[in-house]
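Peer 1: please work out how this folds:
(one chain, ligands or ions: 2)
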Amino acid sequence: MSNKVSIVGAGNVGSIVAYSLAMQGLAHEIILVDRDTDRAKGKALDMSHAASAVRSHSIVRAAESYEDVRGSKVVVITAGFPRKPGMTREDLLFKNAEIMKDVVTQVKEVAPDAILIVVSNPLDAMTYTALKVSGFPKNRVIGMAGILDSARMAYFIYEKLGYGAGQIRASVIGGHGDFMVPLPKYSTVAGVPLSDLLSQKEIDEVVERTKKAGAEIVGYLKTGSAYFAPGKSTAIMVEAILKDSKQIFPCAAYLDGEYGYKDIVNGVPVMIGKDGAEKVIEVTLDPCEKELFRKSVGAVKEMVDILNKDFLKEEK
Ligand SMILES: NC(=O)C1=CN([C@@H]2O[C@H](COP(=O)(O)OP(=O)(O)OC[C@H]3O[C@@H](n4cnc5c(N)ncnc54)[C@H](O)[C@@H]3O)[C@@H](O)[C@H]2O)C=CC1
Ligand SMILES: O=C([O-])CC(=O)C(=O)O
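Peer 2: Ligands and ions are numbered 1, 2, ... in the order given. Next up, the predicted model:
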């Protein structure tokens, strides 16, 4: 099996994905594609030096054209604008949908068998766009968000507790927006339920901070958004595919009847292996969680309906 990975968008997130993979020596060849070719070239050279320093066998190269993406097992797409303070992720819809269409149209020509991992925002709508434009089967187009949102929730639980770092398992489903659905019921510290460790008020605070964590970081950085945790979370998905680990991660996946929804992308637990999103896992939700999930699907559907009306109408 090829373990070549291409990353389209050699900006902040794309660089961390590539760097994480190169340091692990997971992919033999990592290709950086960016419309700013010099940015890709400079970063690829720098990362190849770092790989050499740690005696990793990964080679990072900048693409001269999409021809260099040919033969990739995984193509990560981080091309697109990040938001700035005061913006929502949804504000990026039209600009990034244009970029996604352009990128996926070119990727599918040279890597028709690749698995696409979408990172660009608004994440769920961009994953849907990539799926429709590529025409790839649903298991081969996955969005990255849930690993990041769950990691953020785990960190905020740690901040409340002051102990348990590394032992906290948090769970977030739903879309990657203000309507994401943190699930305290499925969150534990070394197997101990969160409700045995924190008060309801503290849990509610963790939930709210998790939902706004992206915006909190945008507020500090001012010129763009988070990239270390997003990049690492994406690399974790690439690793699961390359190693065929068949582990469960929260990811944005195409729902085809699961959870009672069809023709929409939303964040759910997914078993990831060499074929991508090999299985969507259906978690039992209580009526309140179901309602939050419904709202989250609705928020993504609003964007998808806008795109389907015009922008994606030829992609069916
Ligand atoms: N899913 C998630 O959880 C997260 C998503 N994001 C999203 O990821 C995207 C990238 O974020 P950053 O890396 O911080 O932005 P960035 O601005 O640092 O990098 C974006 C890169 O895309 C390139 N690009 C733009 N159009 C292109 C095209 N048509 N072809 C090839 N390259 C192109 C740019 O030249 C730039 O290097 C944003 O949309 C951001 O909102 C960021 C963090 C988390
Ligand atoms: O907040 C943003 O715009 C970037 C992102 O999706 C995140 O960090 O969760």
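Peer 1: and the residue of the stretch 201-316 of the chain nearest ligand 2?
Peer 2: Ligand 2 sits closest to Gly214 of the stretch 201-316 of the chain, with a gap of 2.4 Å, by C-beta to the nearest ligand atom. Placement of C-beta: from N, CA and C, glycine included.
Peer 1: okay, and for the stretch 1-150 of the chain, where does confidence drop off?
Peer 2: 1 (pLDDT under 70).
Peer 1: let me see the residues that make contact with the particular helix or strand that has the residue of the stretch 201-316 of the chain closest to ligand 2 in it.
Peer 2: Element membership of Gly214, judged by DSSP states H and E, is helix 213-221. For helix 213-221, the surrounding residues in contact (C-beta atoms under 8 Å, 6 or more residues apart in numbering) are 82-85, 87, 89, 149, 152, 156, 209, 224-226.
Peer 1: tell me the residues of this structure that contact ligand 2?
Peer 2: Applying C-beta under 6 Å from any ligand atom, one finds that the chain approaches ligand 2 through 82-83, 89, 121, 148, 176, 214-215, 217-218, 225-226, 230.
Peer 1: could I get the residues you listed as JSON lines with distance to Glu314 and neighbour count?
Peer 2: Output for the residues of the chain next to ligand 2, formatted as JSON lines (distance: C-beta to C-beta, whole Å; neighbours: other C-beta atoms under 10 Å):
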{"residue": "Pro82", "distance to Glu314": "28", "neighbour count": "23"}
{"residue": "Arg83", "distance to Glu314": "28", "neighbour count": "18"}
{"residue": "Arg89", "distance to Glu314": "25", "neighbour count": "26"}
{"residue": "Asn121", "distance to Glu314": "24", "neighbour count": "28"}
{"residue": "Leu148", "distance to Glu314": "32", "neighbour count": "24"}
{"residue": "His176", "distance to Glu314": "26", "neighbour count": "29"}
{"residue": "Gly214", "distance to Glu314": "32", "neighbour count": "26"}
{"residue": "Ala215", "distance to Glu314": "34", "neighbour count": "17"}
{"residue": "Ile217", "distance to Glu314": "37", "neighbour count": "17"}
{"residue": "Val218", "distance to Glu314": "34", "neighbour count": "21"}
{"residue": "Ser225", "distance to Glu314": "31", "neighbour count": "20"}
{"residue": "Ala226", "distance to Glu314": "34", "neighbour count": "21"}
{"residue": "Pro230", "distance to Glu314": "31", "neighbour count": "27"}
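Peer 1: let me know whether Ala235 touches Ser15 as I believe.
Peer 2: No. Look at Ala235 against Ser15 with C-beta atoms under 8 Å: they stay out of range, at 11.3 Å.
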